[in-house]
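Q: using only what follows, build the 3D model:
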Amino acid sequence: QVQLVESGGGLVQAGGSLRLSCAISTRTFSNYAMGWFRQAPGKEREFVAAVSRSGDSTYYADSVKGRFTISRGNAKNTVYLQMSSLKPEDTAVYYCAARYSSSTVVPTIVDEWRYWGQGTQVTVSS
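A: Down below sits the predicted model:
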């Protein structure tokens with residue numbers, strides 16, 4: 001059973017930075033594409049960023065492009081989301097997701113991801 005555990009959320013002022021971490025319990029981390037999604041109150045869960053199993057390809061939602069960076073720490077079975085220039089509209093519960101992948105193609109649709117963490121709250125004050 002693959003388990004994901006997020007950490008690093010919190011309260012930050014607009015313009016500030018946070019780094020989210022997600023540890024995955026698997027011996028074959030390199031077989032999984034990893035992603036971050038978020039869900040604000042009253043809204044549907046939405047794609048934020050994803051990285052291919054190799055780490056060579058990254059994908060971002062237009063709303064976070066240039067401000068957020070996703071990366072893999074393969075030695076630690078961990079994926080990170082570095083968030084900078086945070087805005088109040090970034091406030092949401094952030095979820096880590098994993099998907100067993102045999103290619104470099106990484107979907108951005110929520111239903112395409114099988115494994116999910118419990119979420120971590122990020123609040124950006126104005």
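
Q: show me what stretch 46-54 is in contact with.
A: Stretch 46-54 is contacted from outside by 30-39, 57-61, 64, 68-72, 79, 81, 94, 101, 104-110, using Cβ atoms under 8 Å, 6 or more residues apart in numbering. C-beta: built from backbone N, CA, C; applies to glycine.

Q: among the residues you listed, which ones are buried?
A: Listed as buried from the contacts of stretch 46-54 are 32-38, 59-61, 64, 68-72, 79, 81, 94, 101, 106, 108, 110; burial here means 16 or more other Cβ atoms under 10 Å.

Q: sitting in strands, which of these do you find?
A: 32-38, 59-60, 68-72, 79, 81, 94 (DSSP state E).

Q: for the nearest residue to Val79 once chain neighbours are set aside, give me its contacts.
A: Leaving aside its sequence neighbours, Val79 sits nearest to Met34 (Cβ to Cβ, 6 or more residues apart in numbering; 4.1 Å). By Cβ under 8 Å, 6+ apart, the contact set of Met34 is 22, 24, 50-51, 70, 72, 79, 96-99.

Q: spatially central residue in the protein, please.
A: Nearest to the centroid of the C-alpha atoms of the chain, with distances taken as Cα atoms, centre = their mean, sits Trp36, at 2.1 Å.

Q: now the nearest residue to it once chain neighbours are set aside: how far from Ser101?
A: Excluding its sequence neighbours, the residue lying closest to Trp36 (Cβ to Cβ, 6+ apart) is Val48, at 4.4 Å. Distance, Val48 to Ser101, by Cβ to Cβ, to the nearest Å: 18 Å.
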